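[1] Mind looking at a prediction? Sequence and model below.
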Amino acid sequence: MSTSIPPFVPARPTDSRSPCPALNVLANHGYIPHNGLDISPIQLIRALQTVYNASLPFSIFITLAGLWTAGYIKWTPWPKLRIRSLHALALHGVIEHDASLVHENALPIHLSLKSFPSDSKSPTPHSPQSGEEIKGKLYAPTSPSPSLLAALLSDCTTPHPTSPNPGLGMSDIKRARQRRDKAISPPSTKLDFVHEAFAWGESAKIMCVLGVGNFDEDNEGSGRVVSAERIKAWLGEERLPDDWTRPEPFGILKTNNVKGLIQKAA
Ligand code: HEM
């Protein structure tokens, strides 16, 4: 697939981006509109299958979640269901949650409160690094945080078969997840059951999509590792890594299985 990857074009300040690295990468390579606006569900489902080899049921399910959060009907020339913008997915508390691996929490809103006029209809481009309020709703940051990325890279301790540097193994990503969970303050704002499951599921997706090596089921999945270079490219720069190849197929069951393996990792 490497020869046919559309070029990486970083987001411009006016482009809309989400807190999801997978979607931002799709937009940065033009698999979905580069401006991140008015995304057709069919186009998104196809891109998830083409690029990440996500199963059709999984792609439909997660696109429906996106429509639930950010869907609207576009009336011209005839009614069409669309995802309004990637940024709309940053709405705090629907899919988006605190304690993400490389995104700051939406909580410190008081540090950078930004209100837009209530009649503003302009698309919302990148959000700043701290919480942003639009029409009374809280949106999380959509750019990866350099310090959280550095912390994740320092969690890489597992030998990688082709990289000279240690990579992110199953126990490494478990440690990173727990570190982010523990950092939530005050404790009363801990993730609820559903968002906790989303957060571990996102870690599982990182291992599925970016990792190499087999998941050793008898040994908490050890054997699977993501190179530090891939972490930097995909999560940090939001582009497909230089050594990108289409991952093995995965869907809801595999994500759930890998999530369990990470949680059991030593
Ligand atoms: C194969 C497909 C996908 C993969 C591999 C993936 C992966 C990820 C990962 C790793 C994160 C966590 C980022 C972090 O911890 O900083 C994340 C977050 C997120 N994803 Fe995706 N994603 C996929 C598809 C989607 C789709 C289709 C949607 C919605 C339409 C979506 C919406 C979100 C949202 C709203 C977040 C923010 C959650 C948070 O607060 O961390 N994702 N995704």
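    Looks like it came in fine.

[2] Report the mean confidence score over stretch 67-82.
    Stretch 67-82 shows a mean pLDDT of 93.

[3] What separates the first and last residues of it, distance-wise?
    7 Å (C-alpha to C-alpha, to the nearest Å).

[4] Give me the residues contacting that stretch.
    38-41, 83-85, 88-89, 91, 94-95 (C-beta atoms under 8 Å, 6 or more residues apart in numbering). All C-beta atoms are positioned from the backbone trio N, CA, C, and that covers glycine.

[5] other SSEs contacting the helix or strand harbouring Leu48?
    Counting by DSSP states H and E, the element that carries Leu48 is helix 41-52. Secondary-structure packing of helix 41-52 (3 or more C-beta pairs under 8 Å, 6 or more residues apart in numbering; DSSP states H and E): helix 21-28, helix 56-70, strand 80-85.

[6] For that helix, what is the distance to the chain centroid?
    Relative to its chain's centre, helix 41-52 lies at 15 Å (C-alpha atoms, centre = their mean, to the nearest Å).

[7] circling back to that earlier point, can you tell me which of the contacts of stretch 67-82 has the largest number of neighbours?
    Per-residue neighbour counts (other C-beta atoms under 10 Å) across the contacts of stretch 67-82 peak at Ile39, which has 28 neighbours.

[8] just checking: which of the contacts of stretch 67-82 also lie near the ligand?
    Contacts with the ligand within these, as defined by C-beta under 6 Å from any ligand atom: 89, 95.

[9] Residue numbers of the stretch 101-250 of the chain in contact with the ligand?
    101-103, 140, 202, 205-206, 209.

[10] Strands along the protein, start to end?
    Counting by DSSP state E, one finds strands in the chain at the ranges 37-39, 71-74, 80-85, 132-134, 137-139, 168-169, 225-226.

[11] could these be laid out in TSV, adding distance to Lys182?
    TSV is the format used below for the strands of the chain (distance: least, C-beta to C-beta, whole Å):
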stretch	distance to Lys182
strand 37-39	35
strand 71-74	34
strand 80-85	33
strand 132-134	25
strand 137-139	22
strand 168-169	18
strand 225-226	22
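
[12] which one of those is the most hemmed in?
    strand 168-169 (a mean of 28; mean count of other C-beta atoms under 10 Å).

[13] which neighbours does it have in its sheet, and in what orientation?
    strand 225-226 (antiparallel) (DSSP bridges).

[14] For the ligand, what's its nearest residue on the stretch 51-200 of the chain.
    Taking C-beta to the nearest ligand atom as the measure, the stretch 51-200 of the chain has Gly66 as its residue closest to the ligand, at 2.3 Å.

[15] mind checking which of the helices and strands packed on helix 41-52 is nearest Leu149?
    helix 21-28 (10.6 Å; C-beta to C-beta).

[16] centre of the chain versus stretch 67-84, how much separation?
    The answer for stretch 67-84 is 22 Å, by C-alpha atoms, centre = their mean.

[17] wait, the residue of the stretch 51-200 of the chain closest to the ligand sits on Leu44?
    Yes: counting by C-beta atoms under 8 Å, Gly66 does reach Leu44; the two are 7.0 Å apart.

[18] Okay, helices next: where are they in the stretch 51-200 of the chain?
    Using DSSP state H, counting those that start in this stretch, the helices found in the stretch 51-200 of the chain span residues 56-70, 146-154, 170-182, 193-210.
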